[in-house]
Structure formats: C-alpha cells, structure tokens
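Asks: Whatever this is, show me its structure:
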Amino acid sequence: MTLPLRPDFFGEEPYGAPQLDVPIVLNTNENPYAPAPAVVEDIAARVRDVSAGLNRYPDREFMELRHALADYLAVESGVELPASRLWAANGSNEIMLQILQAFSGPGRVVMTFTPSYSMYSEYARNVYADFVAVPRGDDFRIDVDAVPASFAEHRPSVVLLASPNNPTGTALDPDDLRALLEASAGAGPQVDGRETDAIVVVDEAYGEFRRDGVPSALELLAEYPNLIVTRTMSKAFGAAGLRLGYMAASQEIVDMVRIVRLPYHLSAVSQAAALAALAHRESLMEQVGQIRADRDALASTLADMGLNVAASDANFIMFGTFADRHATWQKLLDQGILIREVGPEGWLRVSVGKSEENDAFVAGLKEAMK
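Replies: Okay, the predicted model is just below:
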C-alpha cells in the first residue's frame, strides 16, 4: 500500500527524548517533586465535580481559568493583565502551533537563534513555513547588532525566542530583547502591499526558575503589541502530565489565535485540574525555590570539577565540554542515570532532580570522567 504522506515528512521520526526505565531520570526537565497530597485531593475533587457534566461540551472560552492565570501572573511577575489577554491550550506546544497557524504558513518565515528548542523547526514544518536558524555566539548570546540585517533579509512573520533558553539554560539579556523588539517593527512580511511587524514570541517555559533580578518579558507587553509571552504549568507547577500551556499577548493577537483553535480544544477535566493546581500556587512555588537552590549548588559543583557550565536560569544545566559526549552519556546510563545528549557538540544537559538524585549524578559523572 502506498500512502500519500507529505514529501517533506519522508524519513522523519517523531519528536521525543529517550524514555528508558532507569533508576534516575534527569533528561526531560521535569519537576522532580510529585504534587502534594492536598493538591492531588483538590484535583480529584474538582475533576469529580465536572465529570457529572461530561455529556456537555466544556466552556470553550474557559474564562474562570483565564482569570486564575491572570491572578497568578500578577503575583509571580508583578504584571497585571485582563483575563481576556490570556489564552491557554494543551501544553505550550499547542500554543506555539496555534500562533504559527495564525501568523505563519506557506511562503512565510519562522526564525530563531540556535542553539534553541529543537521543536521550533518542527512547528514551522507542520504549518508549511520556511525555517531560518541564526547561530548564536560562543557565549550563547544573540548578536543583536546583526539582527536588523537578518530581519531585512528574511522578513520573518514569527520570531521564536526561548528565555530561559533550552538547551543552554541562559536567559535573554533585557537590553538584547528590547533591541530585538525594536528591530521587529516593520520587519514582517508584506500583506496587501503593507509592511507588518514580526511577531516576537518569548517562550518562558522555565520562567519561574529565573534568578532574582532577571525580569520576565511580561513586563514589556505594554510597550510592544507584537510581543507574545508563553508559559506552561509543566515545569514550575510539577504538572507535565496535565498538559496546560498558556500565553499572554495583546487583545488583537489573542483574538487572532482564537480563530485557529479547534472547537472545545481544552477539556473540562484539564480546566478543572489546572484550576486546582493554581489554587495551591504558594506551596508549589516553594518547590521552585528548592529547585533553584539545588540548581545553583549543582552548577557550582560541576564548575569545581573543571567543567564549563552555562549560566542557568532554568531547572536544568548544560555543561561540558567532552571530546566524546556520547561516551560520557553512555557511561552514566550504564550506571542507571539518564541525562540528555543535546545542544552544541561536546555539551550535555542534566535536569535538576531531588537532592539524592543530584548527588548520585555527580558521583556517576566523576566515575564516567575517570
């Protein structure tokens, strides 16, 4: 049987980090702490309540959840937004796809600066857009002086910027972000003979883990109407299994994204579980503080071992460099420790785990480096 697969999918493999049954899993940047019993009980109670009405479609505008997300961001980042300027979907992955469906597509360009999240190219591919990756410098910073020329050459409809960046863990310099936003004005594709602004998406999937004094891009939303900031409940909230991502943007952008959403895309069960998690944000944020402290301690230990360590504002650390990083990765795996072989050649990435997992990783790495 011959099937009409899209030609650009020939030879492609589904995205995914290795999922192996080993004692210590530190490769997918998950929160190592399971939800507390009180959170689990609240989720179960709310899901039970909505289950009685599962014969009906869910609230397709999910305003209660959007209000709760707005309240959370006001506390977490000090930025107050009306609920109508928040939008949620099944993970930040679906948020990204909806953004590209609304603003990109055939004949348009999606741009990023590499190394960066490996899924960005697949998002672009899935909407038939061209993907342009501009290399970062050796320090993983973006050469903002060269950005206007890159924008003029490619006229991107959407620019994807992860901050903290994955896989490096580094956050965008605030001045660099402002320079990028300034350069994005009038830099998008022409529509009906008129210039457009490129949409700039700052992917803050790991935003809650940023160090003190590192601002969120949310603070710039009032100044730049073409800015979108995306977040997720997968990391800081320890709810990767929930699949709830969201974005903050201008009202015009949110309304445009709503055009491409699938009908009733966010289930009643997802909405109920997310509301329960948000109701316990104070206790969940305590876990974030612990992870940040453990990250800084682990980074210091790796540096003391003579390794290069990228400055991390995330819940993971990229370190290196190794002449044969795969051999080091394999030696760790042979000890039952799974990390990620990703990023520039010679570098590896480890997620921050519980204290005992971090200690086991350090001991295993010392053994692997002998």
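Asks: going forward, measure contacts between C-alpha atoms and count neighbours the same way
Replies: Will do.
Asks: For the stretch 101-250 of the chain, which residues score under the pLDDT cut-off?
Replies: The stretch 101-250 of the chain contains no residues with pLDDT under 70.
Asks: center of the chain - which residue?
Replies: Per CA atoms, centre = their mean, the C-alpha nearest to the average position across the chain is that of Ala205, at 3.2 Å.
Asks: Using neighbour counts, pick out the buried residues of stretch 128-139.
Replies: Buried residues in stretch 128-139, counted by 16 or more other CA atoms under 10 Å: 128-132, 134, 136.
Asks: for the residues you listed, which one is nearest Ser116?
Replies: The shortest gap between Ser116 and any of those belongs to Arg136, at 9.3 Å (CA to CA).
Asks: For the closest one, list the residues it contacts.
Replies: 113-115, 142-143 (CA atoms under 8 Å, 6 or more residues apart in numbering).
Asks: what about the closest residue to it other than its chain neighbours, helix or strand, and which?
Replies: If you skip the residues right next to it in sequence, Arg136 has Ile142 as its closest partner in space, 5.0 Å away by CA to CA, 6 or more residues apart in numbering. Secondary-structure assignment from DSSP states H and E places Ile142 in no helical or strand segment.
Asks: before we move on, what about Asp176?
Replies: Secondary-structure assignment from DSSP H and E places Asp176 in helix 174-184.
Asks: Show me what the next helix or strand after that helix is packed against.
Replies: Using DSSP H and E, the helix or strand that directly follows helix 174-184 along the chain is strand 199-203. Under the contact criterion of 3 or more CA pairs under 8 Å, 6 or more residues apart in numbering; DSSP states H and E, strand 199-203 touches strand 158-162, helix 174-184, strand 227-232.
Asks: Try it again at 6 Å.
Replies: In this structure, strand 199-203 makes packing contacts with strand 158-162, strand 227-232, judged by 3 or more CA pairs under 6 Å, 6 or more residues apart in numbering; DSSP states H and E.
Asks: Indicate which one of these is closest to Met63.
Replies: If you check each of the helices and strands packed on strand 199-203 against Met63 by CA to CA, strand 227-232 wins as the nearest, at 17.4 Å.
Asks: Given that closest one, what are its sheet partners and their directions?
Replies: Next to strand 227-232 in the sheet, as set by DSSP bridges, lie strand 199-203 (parallel), strand 245-248 (antiparallel).
Asks: contacting residues around the longest one?
Replies: The reference is to strand 199-203. For strand 199-203, contacts defined as CA atoms under 6 Å, 6 or more residues apart in numbering pick out 158-163, 226-230.
Asks: between it and strand 158-162, how many degrees?
Replies: Per axes from the mean of the first three to the mean of the last three CA atoms, to 10 degrees, the angle that strand 199-203 makes with strand 158-162 is 20 degrees.
Asks: Pull out the buried positions in strand 199-203.
Replies: For strand 199-203, the neighbour count (16+ other CA under 10 Å) marks 199-203 as buried.
Asks: Out of these, which is nearest to Met305?
Replies: Each of the buried residues of strand 199-203 was scored against Met305 by CA to CA, and Asp203 proved nearest at 31.5 Å.
Asks: Skipping its backbone neighbours, what lies nearest that closest one in space?
Replies: Ala162 is the one closest to Asp203 (CA to CA, 6+ apart), at 4.4 Å.
Asks: One more: Tyr15?
Replies: Nearest-residue entry for Tyr15: Met119, 7.6 Å, with adjacent residues in sequence omitted and distances by CA to CA, 6+ apart.
Asks: what's the answer for Phe103, then?
Replies: Closest residue to Phe103 in three dimensions, ignoring its sequence neighbours and counting by CA to CA, 6+ apart: Ser157, at 6.4 Å.
Asks: Could you measure from the one you found over to Gly137?
Replies: In this structure, Ser157 lies at 23 Å from Gly137, with CA to CA, to the nearest Å as the measure.
Asks: got it, and Lys354?
Replies: Look at Lys354 and Gly137: by CA to CA, they are 32 Å apart.
Asks: ok, now Leu262?
Replies: For Leu262, the distance to Gly137 equals 39 Å [CA to CA].
Asks: Same question for Asp304.
Replies: As it turns out, when the distance is counted by CA to CA, Asp304 lies 25 Å from Gly137.
Asks: ok, the closest residue to Glu76 other than its chain neighbours - how many residues close by?
Replies: Using CA to CA, 6+ apart and skipping the chain neighbours, the partner closest in space to Glu76 is Glu208 (7.8 Å). Summarising burial for Glu208: neighbours were counted as other CA atoms under 10 Å, giving 23.
Asks: ok, what's across the strand from the nearest residue in space to the residue nearest to the centre of the chain that is not next to it in sequence?
Replies: Nearest non-adjacent residue to Ala205, counting by CA to CA, 6+ apart: Arg231, 4.8 Å away. Taking DSSP bridges, one finds Tyr246 as the beta-bridge partners of Arg231.
Asks: next one: Trp347
Replies: The partner residues for Trp347, given DSSP bridges, come to Gly320.
Asks: pLDDT wise, what is it at?
Replies: Among the per-residue scores, Trp347 shows a pLDDT of 98.
Asks: ditto for the one 3 residues further on
Replies: According to the prediction, Val350 has pLDDT 98.
Asks: got a list of what it touches?
Replies: Listed by CA under 6 Å, 6+ apart, the contact partners of Val350 are 26-27, 316-317, 339.
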